[in-house]
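Visitor: the amino acid sequence is not available; the structure is as follows:
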């Protein structure tokens, strides 16, 4: 199911022996756009520490109760490696976490260690060490098309079956008033972390001609197929007949 990246913010994380905190952010791999860790606000319990929990530790969420059961104890969370709170998480830091928790570094997504897989997009990443990036920090970055600025990154649409960023929601208010468009991460040509912008390998004309997306809270499979066909994404197939596709609900 597709969900807004902020949908899980504030969800309680319930270990086997009590609450460990609430979800405050996600970290994604800046080469694959796969979500790798949940950032946990532990409140007064572990003040001043940045705690990360891997998605494979999550059980199926209680959406009504806004809670995630977690296959960990409070002691395991408390004993996890220290992570600097004021810098991106490097791959070395991440491997330390994998080692501590005994997680598989080839994990590809899904609740409780599912079998999803990420699509590499290394060409979009600036040269240098890959990092894990904050969804909250990247939201608001400027979006540049080949031939001009089109707006800013409003939010992410996440597939919680494999924990990948499926689409970027672009607010085009400075160029196309009142409109939002969906763009796949594969369209990103460059990410400039220092100057806070993403450059797309698309023209303004191409983006403006994409299938209209209304912020109704629903992305159905028929619309997604039309979008993928329009942008020439792999595996698009033929669009479903109107009214036959099961909708995927988005939660802001």
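Guide: Perfect, thanks for sending it. In this text, all values refer to a predicted model and were calculated from it rather than measured experimentally.
Visitor: which residues touch residue 28?
Guide: By C-beta atoms under 8 Å, 6 or more residues apart in numbering, the residues touching residue 28 are 34, 35, 36, 132, 133, 135, 165. The way it works is simple: take the backbone N, C-alpha and C, and place the C-beta from them, glycine included.
Visitor: narrow those to those in strands?
Guide: Members of the contacts of residue 28 lying in strands (criterion: DSSP state E): 35, 36, 132, 133, 165.
Visitor: highest neighbour count among those residues?
Guide: residue 35 (25 neighbours; other C-beta atoms under 10 Å).
Visitor: identify the bridge partners of it.
Guide: Beta-bridge partners of residue 35, counted by DSSP bridges, are residue 28.
Visitor: that one contacts residue 161, correct?
Guide: No: counting by C-beta atoms under 8 Å, residue 35 sits too far from residue 161 to count as a contact (11.7 Å).
Visitor: in JSON lines: the ones in strands among the contacts of residue 28, plus distance to residue 228.
Guide: Supplementary listing: the ones in strands among the contacts of residue 28 in JSON lines, determined by distance: C-beta to C-beta, whole Å:
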{"residue": "35", "distance to residue 228": "21"}
{"residue": "36", "distance to residue 228": "25"}
{"residue": "132", "distance to residue 228": "27"}
{"residue": "133", "distance to residue 228": "25"}
{"residue": "165", "distance to residue 228": "15"}
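Visitor: lowest-confidence entry in those?
Guide: Lowest in pLDDT among those is residue 132, which has 78.
Visitor: the strands in the stretch 51-200 of the chain, which residues?
Guide: 51-53, 67-69, 89-90, 131-134, 142-145, 148-159, 164-171, 180-183, 188-192, 197-200 (DSSP state E, counting those that start in this stretch).
Visitor: I'd like the ones you listed laid out as CSV, including distance to residue 11.
Guide: What follows is the strands of the stretch 51-200 of the chain, written out as CSV (distance: least, C-beta to C-beta, whole Å):
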stretch, distance to residue 11
strand 51-53, 11
strand 67-69, 6
strand 89-90, 21
strand 131-134, 17
strand 142-145, 28
strand 148-159, 13
strand 164-171, 18
strand 180-183, 24
strand 188-192, 28
strand 197-200, 27
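Visitor: still on that earlier bit, pick out the most distant pair among the ones in strands among the contacts of residue 28.
Guide: Pairwise distances across these (C-beta to C-beta) peak at 12.8 Å, for the pair 132 and 165.
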